[in-house]
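*Asks:* Got a predicted model here, sequence first, then my questions.
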Amino acid sequence: MPSPVVLVADPLPAHLTAELAADFDVRHCTGSDRAQLLAAVPEASALLVRSATRVDLEVLDAAPRLRVVARAGVGLDNVDVAAAARAGVVVANAPYSNVVSVAELTVGLVVALARPILPASESVHAGHWRRADFQGVELAGSTVGVLGLGKVGELVAGRLRAFDMRVLTHDPHVRDDALERTGAQAVALEELLRQSDVLTVHVPLTDATRGLIGERELSWAKPGLRLVNTARGGIVDEFALAQALKEGRMAGAALDVFEFEPPLSSPLLGLPGVIATPHIGAGTAQAQERAGREAVRAVRQVLTGGAPDPAA
Ligand SMILES: NC(=O)c1ccc[n+]([C@@H]2O[C@H](COP(=O)([O-])OP(=O)(O)OC[C@H]3O[C@@H](n4cnc5c(N)ncnc54)[C@H](O)[C@@H]3O)[C@@H](O)[C@H]2O)c1
Ligand SMILES: O=C(O)CC[C@@H](O)C(=O)O
C-alpha cells in the first residue's frame with residue numbers, strides 16, 4: 001500500500017520533515033502560491049502549514065483524502081476550522097510553541113519605540129556623532145496597555161513590569177489568576193487607550209477583533225501613544241493608524257504583522273516613527289523547532305490512528 005502523502009506547504013526545519021519521510025510520502029509546495037497548493041493537495045492525507053498558507057473551503061474541497069491540517073504555530077486565522085470540522089479534518093496548532101519568542105520581540109519593539117537605537121546606530125555608521133538627535137523616553141513610571149491578556153499578553157505584561165511600567169489590560173475573558181500573576185489592572189477598552197503610553201496588541205484575529213483598533217479607538221488615545229502589534233494585521237486599522245501618526249496624535253508604531261503580507265500597499269510603509277518587521281515574532285530557532293515538532297507529532301498521531309493529544 002502506498003504511504004500517505006504529507007504535504008509541507010510552508011518552510012519547516014528540514015530535519016523534522018526528514019523524520020516524517022521515513023514513514024510517509026513527504027512532498028513540498030509553496031502554499032502561498034494558490035495554483036501550486038491546489039495542484040498538490042488532492043493527494044494529501046496531511047497538510048503542514050505555517051501562517052502563509054490559506055486553508056479555506058476551496059482547498060478543503062480539493063482534498064478528499066485530507067485527514068489533518070497541522071499548523072506549526074499559534075494563530076488559526078488562516079485555517080477555516082469550522083469547514084475542516086464539517087469535512088472531518090482534524091486541525092491541530094502548537095499553542096505554546098512560540099509565545100516566549102513573540103513576547104521577547106514585543107518587548108524589543110516597546111524599547112525600540114522609546115529609544116531610537118537603530119537610527120542612532122545607522123547614524124554613527126554613517127560617520128555622524130549627533131547625540132542630541134536621538135533623545136528617547138524612559139519606560140519606568142509610564143503605563144502599558146495590554147490588549148488581550150492571554151499567553152503572549154501575560155508574558156509581555158510580566159516582562160514590562162520588570163521595567164517598572166504600570167500595566168493595564170483589556171480582555172473580556174480575563175482570568176483573575178492572570179491579573180494576580182501580572183499585577184495588571186483590568187479596564188474598559190476606552191480607558192485602556194486614554195491611559196496608556198504604550199498599547200500592545202495580543203488578541204487573535206477573528207470576526208470580533210477585526211478592526212478592533214480603528215479611527216474611533218485611536219481618537220481616545222492618550223497624546224503621544226506608541227502602539228505595538230505582534231498579533232495579527234487586520235486588528236489595527238492601518239489607515240486610521242497612519243492618519244493618527246501623520247497628525248502627530250501618536251508618537252510611533254511598531255508592527256510585526258500587516259493586513260496583507262507582504263504589505264506592499266500599506267499606508268504605514270515609509271512613515272516616520274514606524275518600525276516594521278516581516279512577521280518574525282516566531283522567528284527564533286527554539287520556536288521553530290517546537291512548532292515544527294508539535295505539528296509533526298499531530299500528523300503522526302492522526303495518520304497512525306487516534307486524534308492528537310491536546311496536552312502533549
Ligand atoms: N507575530 C507572530 O509571529 C505571532 C506568533 C504567535 C502568535 N501570534 C498572534 O498572537 C495572538 C495571541 O496569541 P496568544 O497565544 O496570546 O493567544 P491566547 O488565546 O492565549 O490569548 C488571546 C487573548 O485575547 C483575548 N481576547 C479575545 N478577544 C478579545 C477582545 N475583543 N478584546 C480583548 N481581548 C480579547 C482572549 O480572551 C485571550 O485572553 C495569536 O492569536 C496570533 O494571532 C503572532
Ligand atoms: O508562520 C509563522 O511562523 C508565524 C506564526 C505566528 O504568527 C503564529 O501565529 O504562531
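*Replies:* Looks like it came in fine. Ligands and ions are numbered 1, 2, ... in the order given.

*Asks:* which residue sits closest to residue 293, ignoring its sequence neighbours?
*Replies:* In space, and not counting its chain neighbours, residue 293 is closest to residue 16: 6.2 Å by CB to CB, 6 or more residues apart in numbering. No exception for glycine: its C-beta is placed from N, CA and C like everyone else's.

*Asks:* and residue 196, what is it in contact with?
*Replies:* 143, 144, 145, 168, 221, 222, 225 (CB atoms under 8 Å, 6 or more residues apart in numbering).

*Asks:* Looking at those, which one is closest to residue 88?
*Replies:* Taking CB to CB as the measure, residue 88 lies nearest residue 145 of those, at 41.6 Å.

*Asks:* The nearest residue to that closest one once chain neighbours are set aside and ligand 2, how far apart?
*Replies:* Among residues not flanking residue 145 along the chain, residue 196 sits closest, at 3.3 Å (CB to CB, 6+ apart). Between residue 196 and ligand 2 the distance is 24 Å, computed by CB to the nearest ligand atom, to the nearest Å.

*Asks:* now do residue 131
*Replies:* 38 Å.

*Asks:* now swap in residue 157 and tell me
*Replies:* Residue 157 is 19 Å from ligand 2, by CB to the nearest ligand atom.

*Asks:* secondary structure element for that residue?
*Replies:* Residue 157 is part of helix 151-161 when elements are defined by DSSP states H and E.

*Asks:* Spatially, what comes nearest to the closest residue to ligand 2 within the stretch 201-312 of the chain if we skip its sequence neighbours?
*Replies:* Ligand 2 sits closest to residue 282 of the stretch 201-312 of the chain, with a gap of 4.1 Å, by CB to the nearest ligand atom. Leaving out its chain neighbours, the residue that sits closest to residue 282 by CB to CB, 6+ apart is residue 98, at 3.7 Å.

*Asks:* what residues are up against that neighbour?
*Replies:* Listed by CB under 8 Å, 6+ apart, the contact partners of residue 98 are 73, 74, 281, 282, 284, 287, 288, 290, 291.

*Asks:* out of those residues, which touch ligand 1?
*Replies:* 73, 74, 281, 282 (CB under 6 Å from any ligand atom).

*Asks:* doesn't residue 105 make contact with the third one?
*Replies:* Yes - A contact is recorded between residue 281 and residue 105 when judged using CB atoms under 8 Å, the distance being 5.0 Å.

*Asks:* Count the neighbours of residue 102 for me.
*Replies:* The number of residues packed near residue 102 is 26, by other CB atoms under 10 Å.

*Asks:* how close does the closest residue to residue 7 other than its chain neighbours sit to residue 37?
*Replies:* Leaving out its chain neighbours, the residue that sits closest to residue 7 by CB to CB, 6+ apart is residue 44, at 3.9 Å. Here residue 44 is placed at a distance of 10 Å from residue 37 (CB to CB, to the nearest Å).

*Asks:* which one of these two has more residues nearby?
*Replies:* Counted by other CB under 10 Å, residue 44 and residue 37 do not tie: residue 44 has more neighbours, with 27 against 24.

*Asks:* what's near enough to touch the residue nearest to residue 7?
*Replies:* Residue 44 sits next to 5, 6, 7, 27, 63, 65, 66 when contact means CB under 8 Å, 6+ apart.

*Asks:* residue contacts, the last one?
*Replies:* Each residue near residue 66 by CB under 8 Å, 6+ apart is listed here: 41, 44, 45, 46, 47, 60, 87, 89.
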